[in-house]
Structures are given as structure tokens and as C-alpha cells.
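Q: Quick check, what structure comes out for this input:
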Amino acid sequence: MDNSASSTLSWSTPPAMAGVMVAGGVLLGGAALIAGPDPAGVLLMVIAAVLLLVLGAIGLRVRPRLAVVDTHTLAIRTLTGGVRRYAFDEVRRAQVISYPRLGRRVPHLEFDIDDATAHDGERLVIFGRWDLGANPLDVADTLREAGLAIQERK
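A: Numbering: from 1, shown residues only. Got it, this is the predicted structure:
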């Protein structure tokens, strides 16, 4: 969580982790260039390198991913770099949901938002640990303290 002097609460992917993904993509791409005569292996390495580069670049570009600004406004940065702002009263439902993943339950922070720009007037936004750079349960607690009503569902 980042706290600036203007008392803005914000969360985003840790820059070090995104940087590691970019570096891994570059290394994997270089390894694909010097790999042996196995075309299938080279193709898989190139695909993995491109995915690492793209995911790392998104993690570095989309910062902060979620923020509370102006005391009662959520700011959500999109993948294109734009920012959508929603007053707390535009959030129909905010909840923490735990999904099963790899034999354990992983929490996600979910927002159901009234959005006139969306096709059906409603937008669903889900954040995980990677998006927030923090445990979604801790982010939910901080948002509750900021005045947003958040439910917890297992």
C-alpha cells in the first residue's frame, strides 16, 4: 500500500515483481535465440517470453491499480492506462470472495459498480493479490476504515 502526503490510499503490483517478470522475459527470449534445433521448444520459450514481457509491462504501466481519492471516491486504473472514478455510493456491492486455487482458498476483492459507460450500466471489477500488491483482506479492512461497506463471503 502506498500512502502519499495527500492522504491517498493506493495499491498496485509491486514494481520489483513486475521488473523481475520483464527481466525473465528478456532472458527467456535470449535463451530461445540460442536454443538448439528443437522448433517446438523454441516456440514455447518465445511464447513464454512474450507473456512474461506483457504481464510485467502491464504491472509497471498500470499504477496504482486501485486508489481511494477525495475521501469517498475509488479510482481504478484500466489496462489502457485510463482512470475510472467512482463515488462510494456508486459501488452497489463490495465483497471479499475466496476462490479455490491449487488446493487452497485465495481471497479476491470484488466490486459491482454502477457505470453509465458500461454496456448494461454495471461493471464488475475483481482484484487479486497480484493486482493490489497486498492481501485483499487487508485492503478490504483499509477500505472499510475509509468508509466503504464491504461484505465478506467465503
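Q: contacting residues for residue 59?
A: The contact partners of residue 59, by Cβ atoms under 8 Å, 6 or more residues apart in numbering, come to 12-13, 15, 17-18, 21, 130. Using the backbone N, CA and C atoms, a C-beta is placed for each residue, glycine as well.
Q: now this protein, which segments are flagged as low pLDDT?
A: 1-8, 153-154 (pLDDT under 70).
Q: can you give me the helices for the chain?
A: 15-34, 39-61, 129-132, 136-145 (DSSP state H).
Q: if we can go back for a sec, possible to save the contacts of residue 59 as TSV with neighbour count and distance to residue 123?
A: Compiled in TSV, these are given as follows (neighbours: other Cβ atoms under 10 Å; distance: Cβ to Cβ, whole Å):
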residue	neighbour count	distance to residue 123
12	22	19
13	23	21
15	13	27
17	14	27
18	22	25
21	21	27
130	14	20
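Q: Show me which of the residues you listed is closest to residue 70.
A: residue 12 (18.6 Å; Cβ to Cβ).
Q: That closest one against residue 133, yeah?
A: Yes: judged on Cβ atoms under 8 Å, residue 12 makes contact with residue 133 at a distance of 5.5 Å.
Q: Mutual contacts of the two, please.
A: Counting by Cβ under 8 Å, 6+ apart, the contacts common to residue 12 and residue 133 are residue 65.
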